[in-house]
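predicted model and sequence follow; I will ask about them next.
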Amino acid sequence: MALDLQQIKERLQAKEKEILERIKSLVEPPPPEPVDPIQAQASEGPQEFEDLAVDVQQDEQVQAIIAHQQALLQEVRNALKRLEDGTYGRCIDCGQPIPEKRLEAIPWAARCIQDEEKAQRSGLGS
């Protein structure tokens with residue numbers, strides 16, 4: 001069965017849109033919550049150290065998620081570029097065809113399984 005490149009392109013474009021929306025939702029601050037004046041007076045004063053630590057930890061987690069999503073976005077965009085230039089479906093390291101089942105599961109895969117494993121071991125990733 002030959003790959004349906006148009007279908008793959010549509011899947012990649014949908015994934016690109018999904019990732020962009022996810023990043024946008026993480027970057028944009030949520031709308032401010034309505035403030036109850038009575039509660040605001042009761043909670044005035046310095047924020048507890050524990051609350052600050054939790055805020056910092058949450059910020060770090062969000063930044064890690066954003067970094068992961070940006071890396072995935074780049075992989076998807078690279079796959080779209082390979083579709084355009086006719087190299088889609090070939091391993092970027094050895095040039096051999098990437099198995100269709102792998103591309104169906106991970107349409108943005110840039111390497112065959114063997115070269116992906118080598119890249120993971122050497123720290124290059126996809």
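That came through fine. Numbers count the residues shown, from 1 in each chain.

for residue 103, give me its contacts.
3, 8, 89, 109 (C-beta atoms under 8 Å, 6 or more residues apart in numbering). Just so you know, the C-beta spots here come from the backbone N, C-alpha and C atoms, and that holds for glycine as well.

would you check how far apart the third one and residue 113 are?
Going back to what we said before, that points to residue 89. Residue 89 sits 14 Å away from residue 113, going by C-beta to C-beta, to the nearest Å.

of these two, who's got more company?
residue 89 (20 against 12; other C-beta atoms under 10 Å).

gap between the residue nearest to the more buried one when sequence neighbours are not counted and residue 60?
Computed as C-beta to C-beta, 6 or more residues apart in numbering, the closest residue to residue 89 that is not its neighbour in sequence is residue 98, at 5.5 Å. The spacing between residue 98 and residue 60, counted by C-beta to C-beta, is 35 Å.

again, but for residue 11
From residue 11 to residue 60 the distance is 32 Å (C-beta to C-beta).

who's more crowded, these two?
Taking other C-beta under 10 Å, residue 11 and residue 60 do not tie; residue 11 has more neighbours (16 against 10).

the more buried one reaches residue 107, doesn't it?
Yes. Using C-beta atoms under 8 Å, residue 11 makes contact with residue 107 at a distance of 5.2 Å.

helix or strand right after the helix or strand of the chain at the bottom of the mean pLDDT ranking?
Ranking every helix and strand in the chain by mean pLDDT, DSSP states H and E puts helix 37-42 at the bottom, with a mean of 56. Downstream of helix 37-42, the first helix or strand assigned by DSSP states H and E is helix 49-85.

buried residues, the following helix or strand past that following helix. List them.
Counting by DSSP H and E, the element after helix 49-85 in chain order, helix or strand, is helix 100-105. Residues 102-103 are the ones in helix 100-105 that count as buried (16 or more other C-beta atoms under 10 Å).

what pLDDT, on average, does helix 100-105 get?
For helix 100-105, mean pLDDT rounds to 95.

now the element after it, going C-ward?
Taking DSSP H and E, what comes next after helix 100-105 is helix 113-122.
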